[in-house]
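Enquirer: model the structure of this input:
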Amino acid sequence: MDFRDRIKVMQRFWVLLQGVFRSRIILVGSMLLIVAAVYGEVCSFHFLPFWDDDTNIHRNPLYSPLSWESIVLFWKAPFQQLYIPVTYTVWGGLVAMSRILAGTSISFGPINPVLFHGANLLVHLFSTGIVFIILRRLLATQTADDSSLKASPERILWACVAGALAFALHPVQVEPVAWVSGLRDLLGGVFALAAIACFLSLLEESRPLKQFLLYLSATGFLILAFGSKPGSVVTPALALLLGVSLLRSRHYPLSRLYWLIPWFLLAVVEVMMTSKSQPAAELARSLVPFWARPFVAFDAISFYLGKLLWPAWPWSLCADYGRSPNAVLASGVLFWTWMLPVGLSLALIYVERLRRYLIPLGVLVIGVLPTLGFIPFNFQIVSTVSDHYLYLGMLGVALGMALAVCQLPLRLAVLLPLVLISSWTLLTLLRLPQWRDGENFFPSTLSCNPKSWKSRHNYACTLDAQGKYPEALREFEEAIRLRPSNAEAYNDRALTLMKLGRNQEAIASFQLSLQIRPTSGAARNLAALLLTSSNPSQAAQVYRFAMQIDPHDLQNQRSLAWLLGTHPDDTVRHGAEALALARGIVEATQGQVPLFLLTLSAAYAEVGDFEQALLVATKSAEVFQATGDPRMAQYVRQHILPSLLAHQSLRDNPATPQINYSSPIVIPR
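Expert: Numbering: from 1, shown residues only. Below you'll find the model as predicted:
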């Protein structure tokens with residue numbers, strides 16, 4: 001085939017595309033179907049163990065029991081050092097739906113990961129559609145104003161599709177879409193994009209009433225974005241940058257941007273709330289000298305540009321790059337990595353034909369601005385950079401792709417997006433299985449970054465959960481070697497040592513954990529181990545110490561109440577204190593936790609009130625049954641209730657050891 005024949009084939013292909021592009025509904029629908037087909041396998045993925053999914057969802061104490069009161073708590077104060085009540089409310093709705101479909105009560109029951117992964121995919125599809133809408137509005141104005149961007153309506157549509165697909169299918173988007181906890185980024189992104197789309201529409205609207213309605217809608221989306229992800233605080237800045245571009249291309253007065261003033265005020269409030277809710281950020285602040293923060297930020301920008309341009313071997317994508325400020329300071333790379341973003345910016349400024357790409361670059365940088373390290377944040381102790389931080393900034397990549405399609409010669413305008421998007425799609429498909437479950441996730445992360453102490457630690461926890469204790473112990477030792485100050489690693493290593501029967505080593509490991517950073521979970525685990533080692537008095541002291549560390553951790557009160565109410569040693573038992581503790585935790589949970597009710601029943605029996613003990617034990621059996629644990633319900637009815645009817649305290653019940661004080665309570669890692 002000679003050159004002329006190739007030109008004819010290209011022209012025929014373009015004519016075919018023109019026919020498809022005339023139907024926008026078919027075009028957008030086909031685009032979204034492609035995205036759904038690429039990411040569809042995530043709906044079969046599991047929750048990732050020990051990588052936020054447990055603490056956020058299936059081990060979240062406010063979802064077990066789930067109630068309106070627990071949802072309200074997410075709106076009253078930060079949870080897990082983040083104030084994202086919108087995201088937690090959505091997760092709560094998915095938890096409720098899981099239990100309804102499983103046929104259990106909403107309060108307790110199984111949690112289905114399929115619904116959560118499906119929600120992630122659905123939100124990503126909405127974001128892709130909104131990116132298409134934003135690009136349509138921006139390109140329609142810029143191509144009309146810039147002679148070098150003159151393009152047919154069909155080419156503009158192709159540019160918008162190419163940009164939206166670049167946003168949706170680039171492999172950096174695998175992390176927020178395939179990771180259940182990535183819904184934070186997805187919701188923050190989709191609401192921020194919706195706010196920007198409404199605001200850009202407002203700028204071109206001349207009717208006051210419609211302007212006001214668009215502004216209300218945009219502000220509503222903005223507030224939802226702030227409540228979904230703290231990083232969406234940059235939405236006003238993105239709206240300002242894109243708004244200036246749109247108004248200048250339309251030759252409209254910039255005074256219309258005054259609508260953004262309240263948005264920036266809301267953003268200041270959001271920044272203050274986020275900084276206050278992240279105490280770990282104080283540690284990051286102390287570790288990063290003020291003079292180094294701009295260098296850390298430029299290093300992060302340079303890192304992101306590299307990953308966007310070449311997301312493949314040998315610089316593959318992974319969940320933990322370990323690029324903390326300490327790491328880049330120690331290596332010295334931050335003293336030269338600033339040259340890439342600065343050099344790129346200067347090139348875009350001085351080459352006239354490239355100046356239009358300053359806006360996509362600005363969108364990308366503003367999108368990741370909250371996590372560049374100017375203001376320290378929690379995860380910066382592990383790494384300043386992470387793929388999911390790029391979600392909103394990927395709008396800049398989409399805009400850059402769309403502008404290139406409008407500017408390039410016809411052949412390149414067709415071939416370049418096809419080659420890039422096809423390559424990115426292939427890399428995305430290859431990367432997706434790494435997020436299927438913990439068995440795939442942690443080895444793949446460690447193959448990319450063997451020095452990731454966080455991944456090493458969590459992989460050890462995964463091996464422990466699978467019963468592979470010797471292998472888990474080796475991973476714990478390596479995690480501690482990589483980060484000796486990791487108190488949680490000592491605690492979790494002790495739990496594995498307990499399962500291997502090495503109790504004295506486990507006690508020493510718990511004590512090391514408490515010396516580094518006292519936590520109520522480590523103290524509770526140590527107390528449980530002391531009980532199995534026949535040291536009930538010491539165990540009671542440690543339980544009281546755990547309550548001092550965290551008075552709101554009800555498990556400590558339950559464990560101490562059970563010990564004081566059921567232990568055979570008269571010098572250890574204290575019925576009145578056990579009753580007070582048990583009443584407190586039952587009232588705090590409104591009688592919806594069956595184990596707390598059973599503990600209260602044991603306390604009543606210890607003080608001789610067997611009538612109340614019987615009533616409460618009966619209720620605990622009912623709640624066990626309602627919450628999907630018929631085995632425990634049957635156990636209470638067959639063993640506990642007969643003892644109480646015989647006025648026999650639970651410590652005298654020969655079957656009690658199945659649930660007694662000697663059972664260590666393992667905390668979520």
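Enquirer: residue contacts, residue 242?
Expert: Contact analysis of residue 242 by C-beta atoms under 8 Å, 6 or more residues apart in numbering lists 134, 138, 196, 200, 359, 363. In this view, the C-beta of every residue, glycine as well, is placed from N, C-alpha and C.
Enquirer: following the helix or strand harbouring residue 525, which helix or strand shows up next?
Expert: Taking DSSP states H and E as the definition, one finds residue 525 inside helix 520-532. For helix 520-532, the succeeding helix or strand toward the C-terminus, using DSSP H and E, is helix 536-549.
Enquirer: pretty sure residue 542 sits against residue 522.
Expert: No - contact criterion C-beta atoms under 8 Å: residue 542 and residue 522 do not qualify, at 9.7 Å.
Enquirer: what comes into contact with the helix holding residue 525?
Expert: 487, 490-491, 494-495, 498, 503, 506-507, 510-511, 513-514, 536, 538-540, 542-543, 545-547, 549-550, 553, 555-556, 559, 563, 661-667.
Enquirer: look up how far residue 189 lies from the closest residue to residue 132 other than its chain neighbours.
Expert: Nearest residue to residue 132 in three dimensions, chain neighbours excluded: residue 164, at 4.1 Å (C-beta to C-beta, 6 or more residues apart in numbering). Separation of residue 164 from residue 189 (C-beta to C-beta, to the nearest Å): 13 Å.
Enquirer: look at these two and report which has more neighbours.
Expert: Taking neighbours as other C-beta atoms under 10 Å, residue 164 and residue 189 compare with residue 189 leading, 34 against 27.
Enquirer: I'd like to know how far the more buried one sits from residue 262.
Expert: Distance from residue 189 to residue 262, by C-beta to C-beta: 22 Å.
Enquirer: likewise residue 649?
Expert: Residue 649 is 64 Å from residue 262, by C-beta to C-beta.
Enquirer: immediately after the helix with the most length in the chain, which helix or strand?
Expert: Longest helix of the chain, by residue count under DSSP state H: helix 113-145. Later in the chain than helix 113-145, the nearest helix or strand by DSSP H and E is helix 153-169.
Enquirer: now for that next one, which elements pack on it?
Expert: Counting contacts by 3 or more C-beta pairs under 8 Å, 6 or more residues apart in numbering; DSSP states H and E, helix 153-169 is packed against helix 3-21, helix 24-39, helix 113-145, helix 394-407, helix 410-431.
Enquirer: tell me who's in contact with the most centrally placed residue in the chain.
Expert: Central residue of the chain (C-alpha atoms, centre = their mean): residue 181, 3.2 Å from the mean position. By C-beta under 8 Å, 6+ apart, the residues touching residue 181 are 48, 51-53, 56-57.
Enquirer: now do residue 188
Expert: With C-beta under 8 Å, 6+ apart, residue 188 has these contacts: 87, 225, 228-232, 391-392.
Enquirer: let's go with 10 Å and repeat that
Expert: 84, 86-87, 176, 224-233, 235, 391-392 (C-beta atoms under 10 Å, 6 or more residues apart in numbering).
Enquirer: among these, which lie within helices?
Expert: 86-87, 176, 224-226, 235.
Enquirer: among these, which one sits closest to residue 588?
Expert: residue 87 (24.7 Å; C-beta to C-beta).
Enquirer: quick check: that closest one touching residue 189?
Expert: No - look at residue 87 against residue 189 with C-beta atoms under 10 Å: they stay out of range, at 11.7 Å.
Enquirer: which neighbours do those two share?
Expert: Both residue 87 and residue 189 are in contact with 228-229, where contact means C-beta under 10 Å, 6+ apart.
Enquirer: hang on, the earlier thing: shared neighbours of residue 164 and residue 189, anything?
Expert: 127, 130-131.
Enquirer: relative to residue 390, how far out is residue 334?
Expert: Distance from residue 334 to residue 390, by C-beta to C-beta: 19 Å.
Enquirer: higher neighbour count, the two?
Expert: A side-by-side neighbour count of residue 334 and residue 390, using other C-beta under 10 Å, places residue 390 first with 25 against 22.
Enquirer: who's in contact with the more buried one?
Expert: Contacts of residue 390 (C-beta under 10 Å, 6+ apart): 170, 172-173, 175-176, 185, 189, 304, 307-308, 364, 367-368, 371, 396-397.
Enquirer: quick one, what contacts residue 593?
Expert: Contacts of residue 593 (C-beta under 10 Å, 6+ apart): 61, 64-65, 107-108, 554-555, 558, 585-586, 599, 620, 623, 627.
Enquirer: scratch that, residue 452 is what I was asking about
Expert: Counted by C-beta under 10 Å, 6+ apart, residue 452 has contacts 318-322, 382-383, 442, 445-446, 458-459, 479, 482-483.
Enquirer: mind listing which of the contacts of residue 593 are in strands?
Expert: Using DSSP state E, no member of the contacts of residue 593 falls within strands.
Enquirer: where does the stretch 101-250 of the chain have low pLDDT?
Expert: Scanning the stretch 101-250 of the chain for pLDDT under 70 picks out 142-150.
Enquirer: give me the neighbour count for the nearest residue to residue 498 once chain neighbours are set aside.
Expert: Counting by C-beta to C-beta, 6+ apart, residue 506 is the residue found nearest to residue 498 once chain neighbours are left out, at 4.6 Å. By the measure other C-beta under 10 Å, the count of residues near residue 506 is 25.
Enquirer: surely residue 506 meets residue 473?
Expert: No - in this structure residue 506 lies outside contact range of residue 473 using C-beta under 10 Å: 11.0 Å.
Enquirer: find residues that contact each of these two.
Expert: 493, 496-497, 499-500.
Enquirer: the helices in the stretch 301-450 of the chain, which residues?
Expert: Ranges of helices in the stretch 301-450 of the chain, per DSSP state H, counting those that start in this stretch, are 325-331, 339-350, 358-368, 394-407, 410-431, 438-448.
Enquirer: contact partners for residue 128?
Expert: Counted by C-beta under 10 Å, 6+ apart, residue 128 has contacts 28, 31-32, 34-36, 164-165, 167-169, 173, 190, 193, 398.
Enquirer: just the buried residues of the residues you listed.
Expert: 28, 31-32, 34-36, 164-165, 167-169, 173, 190, 193, 398 (16 or more other C-beta atoms under 10 Å).
Enquirer: quick revisit: out of the contacts of residue 390, which is nearest to residue 80?
Expert: Nearest to residue 80 among the contacts of residue 390, with distances taken as C-beta to C-beta, is residue 185, at 15.3 Å.
Enquirer: just the element for the closest one, please.
Expert: Residue 185 belongs to helix 183-203, assigned by DSSP H and E.
Enquirer: so how far is that helix from its chain's centroid?
Expert: 19 Å (C-alpha atoms, centre = their mean, to the nearest Å).
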